[in-house]
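# Structure, please.
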Amino acid sequence: MAQLSPAQRTAGTARILMTAGALFAAEAVFRGSVARTLLSTALLALGAGLLFFAKRAD
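Residues are numbered from 1 along each chain as shown. All right, here's what the predicted structure looks like:
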């Protein structure tokens with residue numbers, strides 16, 4: 001099995017966070033919860049930031 005670079009591992013983590021954030025956001029909007037929507041937006045932003053820095057590291 002090939003070894004992944006730290007940037008590739010970070011990008012994988014970022015994709016997982018963004019997927020979880022998107023699912024969490026959809027659930028929050030469906031239920032109409034403002035607090036959950038804000039929290040899911042923060043999760044999406046964290047994932048996007050990690051993905052951005054992972055892409056720059058390569």
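
# contacts, neighbours, all on C-alpha from now
Fine.

# Quick one: low-confidence residue ranges for this protein.
1, 58 (pLDDT under 70).

# mind listing the helices for it?
Here the chain has its helices, by DSSP state H, at 6-31, 34-57.

# Packing partners of the shortest one?
Under the contact criterion of 3 or more C-alpha pairs under 8 Å, 6 or more residues apart in numbering; DSSP states H and E, helix 34-57 touches helix 6-31.

# Next up, phi/psi of residue 5, please.
phi -80, psi 160 (degrees, to the nearest 10).

# can you count the residues close to it?
Residue 5 is flanked by 11 other residues according to other C-alpha atoms under 10 Å.

# Let's have the helices of the chain in a markdown table, adding mean neighbour count.
Output for those, formatted as a markdown table (neighbours: other C-alpha atoms under 10 Å):
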| stretch | mean neighbour count |
| --- | --- |
| helix 6-31 | 17 |
| helix 34-57 | 17 |
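
# Looks like residue 40 contacts residue 18 (just checking).
No. Using C-alpha atoms under 8 Å, residue 40 is not in contact with residue 18; the gap is 9.2 Å.
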